[in-house]
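Trainee: here are the coordinates; sequence isn't available:
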Ligand SMILES: [Mg+2]
Ligand SMILES: [Zn+2]
């Protein structure tokens, strides 16, 4: 399956990925992704239904942690890299725009 | 001259233990070397301002009779992908400029506990995405063999640091070849351990199911010594293997001493052929194989029919996982924040920050990964790529029925020129064709110097791959070939590198 | 925002069939978080701590951090799955649900997607009149909670109109089990009641398992209610296809669940009847107005780009563990209730009173702490519920059952009259301390010194000299006037029965 990479698709992917792409970037990425996707789409040639997927290269399971308190940051440590903070919390601009 | 900086870590450790050299002297020698050559090489993003204090403390402890680790007092360069409490950790990105981690990566903590002296943080492609270190937001690192050429990537800084004698040891990370390919182009040694053999905790994630941390050194023994320090189970990393590991330094010593090449079955992959490989790369590879054969190894042709899908699978799995791993860089809790205009919403701020904070290659891969995971494409892309991993693992399993190790040239070409491939992402991606299968399958790999290419005089590496958990086999075989080649060359390959900044 | 047009409930039900579905999130009370060793704010030891003090690197998505699964959270999830009648998956997996939101440190939530820990179950839900309704369970999966946003600078404290928001990641990474029902058909007029009873049943189950405090007002239990309507078709014809559903979030009390479902049925019916269409959306419940409003339209809500979490490994509970947890399951709430009713000797009405007030656990704990069943019931269904009602709080959040038992103990010992005990209860609710501490601090104890009482009786008799005669003439009720006067003199801190005894003794002299 090879699908068409269009500027609209790239723009939509930018929204999903929270990257503000300008028109020049959209155009450039559209061309590059098209080439890349052409090259990598071939995985589906051999990925037949009977082949199982490998999520972890070395299979393991049931790796757990005991329910015991461990390494915990102080509020100072948690906040020390904050671009903006107030009242011991991280401050962000309005989540919703002016008028919805 | 026999400068302290040209000693192997093992030799320096011996001198430290014997009291012939102090850690302060060793550390100062490396800081001086950095001051002399790093303006040209740019291997470091940050040089520690308290390395000498750490070294002095080691000297004090040694003087007081404390039993210290084998590498205590030896300086260490740390790839900037690893978080450190005493130096910024940026992963080569503007979005993390000045970021100070509240905790140390497990490998860093283990290195400190073993008495190694962190010298600084090394340059890398942004978020480890690249094969040339040209994608660093802080400017490229240059290859000590030719300052107009790339040092490989993403760990070009670590490889260049050890190649330019700016550190005897360095830590790297390898997601698709980022330790081995820089070793190849800089004439150094790099090991990607079995997936899970070394903790990923504190390694800023690129692709979680592919990333491994490993040693970057000038000799196989040094790599083994460093691997012994950083390896082993870590409860902070769920994918960390609970295995008990043998000493890799011992394995390297065994390899150098014993005739481990006799009867060794060395697999050569039929499908790789010579096409697409630079003549001098192939020649150096064949010469290494011949040396092994002369020592009693048996060269066996093997088939790995699915390796040709490796690059494609890799460039689906990696961007997909990376697109998710890099979502945390959103300007809320740490890192850069760009507010595009008054009244901007959080969404606007996040999008503007990520546009300004990420470089082109990072954006390209995030968008590609977002596409590969998005509704309707998952099965065709990410799902299929994970199936290719199963097929590649099966290829490895079948091959290791017949051979003890697999050998390949580490990369198709010697160091290319800065800027040569930067505008052609697909061409850049194809660089990783030989190194990627190990990451997809989780098996260990080592690259050691194999010689120089006749046509350009630049170094070439040979890569060995072993079954998962058989890292020790790589150290044995690597050290054995290294001993024979260095013997035949009359000295280490790096001796042939040009003198930098008028000093060696 | 324009008020929602509503259709009369009965008319709505005549014209449409409601189909329900619920997603209930349960915060587990483990000591530590789902994927980190940071203390869990949903554990009783960690309530009301300062912001950003219960965080480990992974809860904030710090670079290099990695998750490790809390074994106890897995065990609690399996127990809950079993109590919901589910099968436990021999192998299940975590997945990443990718979306950007400032309360989500990593900008993905570690959840489960196509391989949940528990699937295909059913529970019996008992309505107020004793009717049993069976609710089919689709799945129960493990995931992590997000942090908490506080919206600042706006008039309402709501997200709309806020100038900025503050983020506290203490709640990020709290272990959650999300329980998802299959579509529930046939609820009809009882849909709102079933909704409430379903949530109450989940609460009873998780409390009986001891895996969550299950306090809705604290957010330990959160219900998203899905409602859709489909037009009725004439008998004999196939049913109409399912209507578009809305998902009402932020429903934080049992009563609100009931109201929200009723409201959505009435709102959707009005739209459909007017020829409109229902938008598939998330709606927010507003406790104050009893209405719902559309949530933030999320551009990427439809594309979470799930993929298996590469930092974690499959959870494959061994069959022996599952059987061990199954064997340790407490009695199902319905069976448990039958047994309690028997043991306590309550009438049907008395028992329903307790149950419908959501007070079973409280009454049970109060009895366990030493109170007689009748006393425990009276306190919880009476005074405590009355106060809870005026304060808009859950009765269980006001006082501890052990303190209620202690209070009743003081009444039983004659230290407090009923009236005084009610004063002490108010003080307990206001946080003034244990019953004994309050009695001591306020000097509220009943005057049990007969001398003082006799002195007061003498004074009252002096003012009304004819009373003794009346009593001696057999008009015993005349003592009431004296009792009243004595109680007044004693500021209520006397045992009226004892006063009466003393008056009668005096009359007999
Ligand atoms: Mg731009
Ligand atoms: Zn959920």
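Mentor: Perfect, thanks for sending it. Only a predicted model underlies this, so the values are computations on that prediction, with no experimental measurement involved. Ligands and ions are numbered 1, 2, ... in the order given.

Trainee: the longest strand in chain A is where?
Mentor: strand A:89-93 (DSSP state E).

Trainee: let me see the mean pLDDT of that strand.
Mentor: Strand A:89-93 shows a mean pLDDT of 97 in the predicted model.

Trainee: OK, contacts around residue C:141?
Mentor: C:92, C:111, C:112, C:116, C:117, C:118, C:177, C:178, C:180 (CB atoms under 8 Å, 6 or more residues apart in numbering or on different chains). Any C-beta I mention is one placed from the backbone N, CA and C, and that applies to glycine too.

Trainee: gap between the residue of chain A found nearest ligand 1 and residue A:11?
Mentor: Closest residue of chain A to ligand 1, CB to the ion: residue A:22 (4.6 Å). Separation of residue A:22 from residue A:11 (CB to CB, to the nearest Å) stands at 10 Å.

Trainee: pick out whichever of the two has more residues nearby.
Mentor: The neighbour count for residue A:22 versus residue A:11, taken as other CB atoms under 10 Å in any protein chain shown, is higher for residue A:11 (15 against 10).

Trainee: what is the burial count for the nearest residue to that one once chain neighbours are set aside?
Mentor: The shortest distance from residue A:11 to any residue other than its chain neighbours is 5.6 Å, reached at residue A:26 (CB to CB, 6 or more residues apart in numbering or on different chains). Using other CB under 10 Å, residue A:26 has 19 neighbouring residues.

Trainee: return the residues in contact with residue A:26.
Mentor: A:7, A:10, A:11, A:14.

Trainee: let's see it at 10 Å
Mentor: A:6, A:7, A:8, A:9, A:10, A:11, A:13, A:14, B:367 (CB atoms under 10 Å, 6 or more residues apart in numbering or on different chains).

Trainee: buried ones in the helix or strand hosting it?
Mentor: Taking DSSP states H and E as the definition, residue A:26 sits inside helix A:23-40. Residues of helix A:23-40 classed as buried by neighbour count (16 or more other CB atoms under 10 Å in any protein chain shown): A:25, A:26, A:28, A:29, A:30, A:32, A:33, A:34, A:36, A:37, A:40.

Trainee: ok, residue B:141 touching residue B:77?
Mentor: No. Counting by CB atoms under 10 Å, residue B:77 is not a contact partner of residue B:141; they are 11.7 Å apart.

Trainee: shared neighbours of these two, which are they?
Mentor: Both residue B:141 and residue B:77 are in contact with B:43, B:44, B:122, B:157, B:158, B:159, B:160, B:161, where contact means CB under 10 Å, 6+ apart.

Trainee: give me the nearest residue to the fifth one, chain neighbours excluded.
Mentor: Ranked by CB to CB, 6+ apart and with sequence neighbours excluded, the top spatial neighbour of residue B:158 is residue B:170, at 3.7 Å.

Trainee: for the one you found, pull up the helix or strand it's in.
Mentor: Using DSSP H and E, residue B:170 maps to strand B:169-174.

Trainee: so, low pLDDT: which residues of chain A?
Mentor: A:1-3, A:97-100 (pLDDT under 70).

Trainee: center of it, which residue is that?
Mentor: The residue lying closest to the centre of chain A (CA atoms, centre = their mean) is residue A:17, at 6.0 Å.

Trainee: pLDDT score for the nearest residue to it once chain neighbours are set aside?
Mentor: Leaving out its chain neighbours, the residue that sits closest to residue A:17 by CB to CB, 6+ apart is residue B:370, at 4.5 Å. You'll see residue B:370 listed with a pLDDT of 97.

Trainee: what is the burial count for residue B:370?
Mentor: 29.

Trainee: also residue C:134?
Mentor: Neighbour count for residue C:134, taken as other CB under 10 Å: 10.

Trainee: okay, buried residues for the host helix or strand of it please.
Mentor: Per DSSP H and E, residue C:134 falls inside strand C:132-144. Of the residues in strand C:132-144, C:133, C:135, C:137, C:138, C:139, C:140, C:141, C:142, C:143, C:144 count as buried by neighbour count, 16+ other CB under 10 Å.

Trainee: with stretch B:327-338 instead?
Mentor: For stretch B:327-338, a neighbour-count test (16+ other CB under 10 Å) marks B:327, B:328, B:329, B:330, B:331, B:332, B:333, B:334, B:335, B:336, B:337, B:338 as buried.

Trainee: ok, so of these, who is nearest ligand 1?
Mentor: Ranked by distance to ligand 1 (CB to the ion), those are led by residue B:338 at 10.7 Å.

Trainee: ok, now how distant is the residue lying closest to residue C:416 once chain neighbours are set aside from residue C:362?
Mentor: What sits nearest to residue C:416 in space, not counting adjacent residues and going by CB to CB, 6+ apart, is residue C:410, at 4.5 Å. For residue C:410, the distance to residue C:362 (CB to CB) stands at 19 Å.

Trainee: please apply the same query to residue C:260.
Mentor: Per CB to CB, residue C:260 is found 25 Å from residue C:362.

Trainee: try residue B:400
Mentor: Here residue B:400 is placed at a distance of 65 Å from residue C:362 (CB to CB).

Trainee: who has more neighbours out of these two?
Mentor: The neighbour count for residue B:400 versus residue C:362, taken as other CB under 10 Å, is higher for residue C:362 (26 against 20).

Trainee: nearest to chain B: which residue in chain A?
Mentor: Chain A approaches chain B most closely through residue A:57 (2.6 Å), counting by CB to the nearest CB.
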